[in-house]
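Engineer: just need the structure, nothing else, for what follows:
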Amino acid sequence: MKHVLIAVLMMFAVPLAGAEQQAQQESARQAMNNQRLQSILERIAGELSGRPGYWEFTVHGYRVSVITDERANRMRIIVPIVKAEDVGSGQMKRLMQANFDSALDARYSIARGMLWSAFIHPLSELSERQFIDGLAQTVNLAGTFGDSYSSGALIFGGGDSKQKQDRHYREIIEREGAI
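Structural biologist: Numbering: from 1, shown residues only. As a prediction, this is how the structure comes out:
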């Protein structure tokens, strides 16, 4: 079994109060763009490479790419998992089941001969919290490939996935002041 210890900050353990909370709400209303995303990534990613619109960094051994297109209003977080040719038909079926109920906002995808974990969202509507949550789900989905095939948040009922899920979801980028 693969156990992925992933640390993603969902929010501070202590709720923000007063002016700080109001400032956070104001920030959430601002449209996300490359400049805001760069600022978020610089706070949470540690070593960051790339340029505005294409950034790469590592989270717990997983290579993460964040790609944006401001004109098309799109953003994606992607993590390579394995070569697509190495995914058997049983695993492929399991991936599709997971995309229905346990992958949630992240998804398994195939492109350029690779199996990826991906989170795709309109850029300008993306909040900081949604970005961090999407990052957590994408890395966790890559890490649970071959085991629970779960983004870690929960399992949406009505699908074929067992009620097995990793409980390491809440830790990815736990750094003081990340949000």
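Engineer: which SS state does the nearest residue to residue 81 once chain neighbours are set aside fall under?
Structural biologist: In space, and not counting its chain neighbours, residue 81 is closest to residue 115: 4.5 Å by CB to CB, 6 or more residues apart in numbering. Glycine gets a C-beta too; all of them are placed from N, C-alpha and C. Secondary structure, DSSP: H, G, I helix; E, B strand; the rest coil: residue 115 is strand.
Engineer: residues touching residue 115, list them.
Structural biologist: By CB atoms under 8 Å, 6 or more residues apart in numbering, the contact list for residue 115 reads 80-84, 87, 95, 108-109, 145.
Engineer: 10 Å instead, please
Structural biologist: Residues in contact with residue 115 (CB atoms under 10 Å, 6 or more residues apart in numbering) are 79-87, 91-92, 95, 108-109, 142, 145.
Engineer: for the lengthiest helix in the chain, packing partners?
Structural biologist: In the chain, taking DSSP state H as the definition, the longest helix is helix 128-143. For helix 128-143, the packing partners by 3 or more CB pairs under 10 Å, 6 or more residues apart in numbering; DSSP states H and E come out as helix 18-29, helix 34-44, strand 54-59, strand 62-69, strand 74-83, helix 89-101, strand 107-111, strand 114-122.
Engineer: out of these, which comes closest to residue 131?
Structural biologist: Minimum separation from residue 131 across those (CB to CB) falls at helix 34-44, 6.3 Å.
Engineer: in that closest one, what counts as buried?
Structural biologist: Neighbour counts over helix 34-44 (16 or more other CB atoms under 10 Å) mark 34, 36-38, 40-41, 43-44 as buried.
Engineer: downstream of that helix, the next helix or strand is which one?
Structural biologist: strand 49-51 (DSSP states H and E).
Engineer: quick one: strands adjacent to that next one?
Structural biologist: strand 54-59 (antiparallel) (DSSP bridges).
Engineer: which residues does the strand it pairs with contact?
Structural biologist: 6-8, 34, 37-38, 41-42, 44-50, 63-69, 77, 79, 135-136, 138-140, 142-143, 172-173.
Engineer: what number of residues lie near the spatially closest residue to residue 108 that is not a sequence neighbour?
Structural biologist: What sits nearest to residue 108 in space, not counting adjacent residues and going by CB to CB, 6+ apart, is residue 95, at 4.3 Å. Look at residue 95: counted by other CB atoms under 10 Å, it has 20 neighbours.
Engineer: show the pLDDT at residue 95.
Structural biologist: For residue 95, the model assigns a pLDDT of 94.
Engineer: can you put the buried residues of helix 34-44 in TSV and add pLDDT and distance to residue 121?
Structural biologist: Below are those laid out as TSV (pLDDT from 0 to 100; distance: CB to CB, whole Å):
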residue	pLDDT	distance to residue 121
34	97	14
36	96	14
37	96	11
38	95	17
40	95	13
41	95	15
43	92	19
44	89	17
